[in-house]
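**Q** how would this look folded up:
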Amino acid sequence: MSMSDPLGDMLSRIRNGQMANKSTIESPFSKLRESVCAVLKDEGFIRDFKIEDAGNNKKIMKIMLKYAEGRGVIRQIDRVSKPGRRVYAGVNDMPRFFSGLGILVVSTPQGVMPDYKARAANVGGEILCQVF
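**A** Modelled structure (predicted):
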């Protein structure tokens, strides 16, 4: 059966893995998931991620979660734009998450990037998720 929201599934796996104090979680591979994980790694929310071949012409991503003082670094991770309700924002309308302490992951014509880089590049796009 196909998934209706693959990115939402990955975010839920990250959230659930941190609540269970897992060091590594697995998620099916897609280019969008890889781009979001690259943003999370660059911003310091996860330690690392690897793409491995799972056989049968499929790939999986192993995401290494990050902890500080016994708590997960990610305190809140939510999907904003969903398959049933897409959320787009221009560069001037882009909201700030937790007054700029959290980030919004935005899919722009120049690629997936955090909200502050999208503002600096003067581009808007689809707000994929918010992380604090």
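**Q** what's the burial count for the nearest residue to residue 82 once chain neighbours are set aside?
**A** In space, and not counting its chain neighbours, residue 82 is closest to residue 5: 6.4 Å by Cβ to Cβ, 6 or more residues apart in numbering. Heads up, the C-betas are built off the backbone N, CA and C, glycines and all. Number of residues near residue 5 (other Cβ atoms under 10 Å) recorded here: 13.
**Q** what's near enough to touch residue 5?
**A** 79, 82-83 (Cβ atoms under 8 Å, 6 or more residues apart in numbering).
**Q** what separates the residue most central in space within the chain from residue 21, distance-wise?
**A** By Cα atoms, centre = their mean, the chain has its centre lying nearest to residue 36, at 4.1 Å. Look at residue 36 and residue 21: by Cβ to Cβ, to the nearest Å, they are 22 Å apart.
**Q** Same question for residue 58.
**A** Taken as Cβ to Cβ, the span from residue 58 to residue 21 is 28 Å.
**Q** try residue 77
**A** For residue 77, the distance to residue 21 - Cβ to Cβ - is 16 Å.
**Q** If I follow the layout properly, residue 125 ends up in contact with residue 88?
**A** Yes: the pair residue 125 / residue 88 is scored as a contact, 6.8 Å apart, by Cβ atoms under 8 Å.
**Q** Tell me which strands the helix or strand of the chain with the lowest mean pLDDT pairs with, and in which orientation.
**A** Across the helices and strands of the chain, mean confidence by mean pLDDT, DSSP states H and E is lowest for strand 71-72: a mean of 94. Neighbouring strands of strand 71-72 in its sheet, by DSSP bridges, are strand 67-68 (antiparallel).
**Q** neighbouring contacts of the strand it pairs with?
**A** 18, 21, 73.
**Q** how near is the nearest residue to residue 109 once chain neighbours are set aside to residue 84?
**A** Leaving aside its sequence neighbours, residue 109 sits nearest to residue 123 (Cβ to Cβ, 6+ apart; 6.3 Å). Per Cβ to Cβ, residue 123 is found 25 Å from residue 84.
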